[in-house]
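Participant: Take a look and give me a structure for this.
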Amino acid sequence: MKNLRIGKKLTLCFSILFAAILALGGLALYNQGRLSGIATELGVERRLKLEATAAMKTALSDHRIGEANHILSADAANMQLAEAVIKTQRAFIAQKVAYLEPRLNKATTRAAFERFKPLWADYLLKSDAMLAHSRLDQNEQALAGFRANKAVFHRVAVEASAMQEAQSDIMNGVVADAQALHGWSRNLMLAMIVCVGALVAIMLSALIRGIAQPLRAMSGALGQLAAGRMDVQVPVDQRADEVGDLATAMMGLRNQLATAEQAKQEQTSLIVGSIGNGLDALARGDLTARVDADLTGAFAKLKTDFNNAMAAVSTAMGAVSVSALGITNGAGDIRQASDDLSRRTEQQAASLEETAAAMDEITSTVKQTAESAGRTNMMVGETRRDAEQSGGVVQKAMDAMSGIERSSNEISEIIAVIDGIAFQTNLLALNAGVEAARAGDAGKGFAVVASEVRALAQRSADAAKDVKTRITASSEQVHLGVELVSETGKSLTRIIARIAEINELVSGIASAAEQQAVGLHQVNTAVSEMDGVTQQNAAMVEEATAAARSLSEEADTLASEVARFTLAQGSGRAPAPAASPVHKLQARAAHAGRRIAATAARPAVTHATEGNAAVAVDDWSSF
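Facilitator: Numbers count the residues shown, from 1 in each chain. Modelled structure (predicted):
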């Protein structure tokens, strides 16, 4: 593999890694599809079947209750209502049977369903006969048929329950299959992840051994070559990739550097003899020495440059000798100017220090104002939050009152149901009394019980009516309470809006105070920096004064040192004297002093001074 190019190596490794990742992703998608199918089966198909069987059980019970109400109906209206209920439940059960017919494909549910259908058909035939007797007011025959159908109805209900339980068992089995599939998929995914991790480690190790380690070895060899070791060996075997090409190029570079080093040594030995003599003369102070050796090639220019440099140094030393006298004269003037500047700088530093202290006090005051505004803003914000919490409490109270109102309405409906039950009980007691009268002496005891039941039903009806009256009054009071709480909520909303406006105003004041504090702090910082700079300037002026004192001594020393050198003829010729910069500054100071004195002499405006105005033309303190 080491003879492959680096691009092919990387392509091979990443192709293997990409294939492993594709396999891992494909397996994940496959398992996800299977789990999605199971979830769809549980959440849609099986759930709808289970709901259908449960609804059938409920409809059977409602059908049975409708039959009982049909027999016990006291008038035609109640009988029609009971028949409507029976027809509705029969249609509903027929609809669910038609829905389940093609969809029950499991053996347990199909067996229960097949047992249910003939039982239900038989029960419907017997129920129709019973209802026919009830329509003709043959209550005894209808009641006998109702009781006779109880066993058949029980078998129908048992088969409906069997269908529901079988459907539940099937759903539990599907859930168990899904859990098993999830466990298998998880273990397989973990195994594939471990395999991919191992594959990545193997490829990374191969890339390190095939690329990184040879490059690190060559980097060390290049470091030794850069340090001047021309005998360094390239620590890479013969190979056909980019690393091998780099090793070959490094060997060529090493050979070229060795050849160049040898030529450099020969050239060095050639110029040492010719240039050394000239440098020795320069060390002795003889600036008239020149290189006379016959140098060729690139060293001919070195000869010319050396001779030109010696001539330039000779000329420069002559100019230095002439300038030393001017430096001595100007040093005294600089010393006097530095002393005056030092006094003025100290005065300015004192004034800036006082200004900095005053700005610090102003900044502290404004900062306290900003902090007070910030605390006020926080207090207003807390007040706003309290008001918003109060609004939330009022809203909860409104919701609670609404709930009480709904509960009152529900209680009224329950009382209406109780009233209806009392009415039906009264009718049943009346019918029982009639039947007892027909029975003669044998039914006297039953007649007494029927009378008591009727009286109890009447008292229940009266009590329900009384409770309904009171609930109606309570509902009216609750409705009034809801309206009052609603008005309170609206008032709190307006208060919260006003507090929000106050909060915005206080926030603006706090923000402006903070900006002023920041601005004053920046001004205070700038003044402090100016104070520090002024103090530094004062120290520098003192240093300049000391330097001016020593400048004269150094100029004398410079003149004596220049005298040691032997100069070429004409190199020490003094140039035309030029005006000293210090003298120019003295002239400008004198002009400024005369202008300030003329301004101070005008009677129209007088300015208080602190001793900084010029009072004499020749006094350096006026500058």
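
Participant: pull the longest helix from this protein.
Facilitator: In the chain, taking DSSP state H as the definition, the longest helix is helix 298-439.

Participant: what's it packed up against?
Facilitator: Packed against helix 298-439 by the contact rule (3 or more C-beta pairs under 8 Å, 6 or more residues apart in numbering; DSSP states H and E) you find helix 242-283, helix 444-562, helix 581-600. (C-beta placed from N, C-alpha, C; glycine too.)

Participant: what do you get if the cut-off is 6 Å, keeping everything else the same?
Facilitator: Contacts defined by 3 or more C-beta pairs under 6 Å, 6 or more residues apart in numbering; DSSP states H and E place helix 298-439 against helix 444-562.

Participant: For the helix it packs on, the averaged confidence score.
Facilitator: Helix 444-562 carries an average pLDDT of 75.

Participant: do stretch 366-384 as well
Facilitator: What stretch 366-384 shows for mean pLDDT is 76.

Participant: again, but for stretch 421-430
Facilitator: For stretch 421-430, the per-residue pLDDT averages 76.

Participant: same thing with stretch 66-74?
Facilitator: Stretch 66-74 comes out at a mean pLDDT of 86.

Participant: ok, now how distant is the spatially most distant residue from the centre of the chain from residue 447?
Facilitator: What lies farthest from the middle of the chain is residue 441; by C-alpha atoms, centre = their mean that is 91.9 Å. The gap separating residue 441 from residue 447 is 10 Å, by C-beta to C-beta, to the nearest Å.

Participant: I'd guess residue 229 is in a strand, am I close?
Facilitator: No. Secondary structure of residue 229 (DSSP: H, G, I helix; E, B strand; the rest coil): coil, not part of a strand.

Participant: how many neighbours does it have?
Facilitator: By the criterion of other C-beta atoms under 10 Å, residue 229 has 11 neighbours.

Participant: now swap in residue 14 and tell me
Facilitator: 11.

Participant: pLDDT value on it, please?
Facilitator: According to the prediction, residue 14 has pLDDT 73.

Participant: Next, it: secondary structure please.
Facilitator: With three-state DSSP as the basis, the three-state label of residue 14 is helix.

Participant: ok, now which ones touch it?
Facilitator: Shown in contact with residue 14 (C-beta atoms under 6 Å, 6 or more residues apart in numbering): no residues.

Participant: Quick check: it vs residue 197, distance?
Facilitator: Per C-beta to C-beta, residue 14 is found 16 Å from residue 197.

Participant: and if you look at residue 12?
Facilitator: Here residue 12 is placed at a distance of 19 Å from residue 197 (C-beta to C-beta).

Participant: Settle it for me: which of the two has more neighbours?
Facilitator: It is residue 12, of residue 12 and residue 197, that has more neighbours when counted by other C-beta under 10 Å, with 14 against 11.

Participant: any idea how far the more buried one is from residue 206?
Facilitator: Relative to residue 206, residue 12 is positioned 10 Å away (C-beta to C-beta).

Participant: same thing with residue 447?
Facilitator: In terms of C-beta to C-beta, residue 447 sits 106 Å off from residue 206.

Participant: And for residue 419?
Facilitator: Taken as C-beta to C-beta, the span from residue 419 to residue 206 is 91 Å.

Participant: So if I had to pick from these two, which one is more boxed in?
Facilitator: Each of residue 419 and residue 206 has its neighbours counted (other C-beta under 10 Å); residue 419 has more, 18 against 15.

Participant: residues in contact with residue 307?
Facilitator: By C-beta under 6 Å, 6+ apart, the contact set of residue 307 is 290, 291.

Participant: all numbers from here: first residue = 8
Facilitator: Sure, I'll start counting at 8 from here, so that last one is residue 314.

Participant: Where do the domain boundaries of the protein fall?
Facilitator: Following the assignment in automatic domain parsing, the chain carries domains at 13-227, 306-569, 588-629.

Participant: if we compare these, which one ends up closest to residue 236?
Facilitator: Closest to residue 236 of the domains of the chain, according to C-beta to C-beta: domain 13-227, at 11.2 Å.

Participant: So what's the gap between that closest one and the chain middle?
Facilitator: Put simply, domain 13-227 sits 42 Å off its chain's centre (C-alpha atoms, centre = their mean, to the nearest Å).

Participant: average pLDDT for the helix or strand residue 140 falls within?
Facilitator: In this structure, residue 140 is located in helix 114-142 according to DSSP states H and E. Averaged across helix 114-142, pLDDT comes to 88.

Participant: could you point out which element follows it?
Facilitator: Using DSSP H and E, the helix or strand that follows helix 114-142 in sequence is helix 146-155.

Participant: elements contacting that next one?
Facilitator: helix 114-142.

Participant: what comes up buried for the helix it packs on?
Facilitator: 116-117, 119-120, 122-123, 126-127, 130-131, 134, 137-138, 140-141 (16 or more other C-beta atoms under 10 Å).

Participant: try stretch 497-508
Facilitator: For stretch 497-508, by 16+ other C-beta under 10 Å, it's 499, 502, 503, 506.

Participant: Likewise for stretch 425-436?
Facilitator: Neighbour-count burial for stretch 425-436 [16+ other C-beta under 10 Å]: 425, 426, 429, 430, 431, 432, 433, 434, 435, 436.
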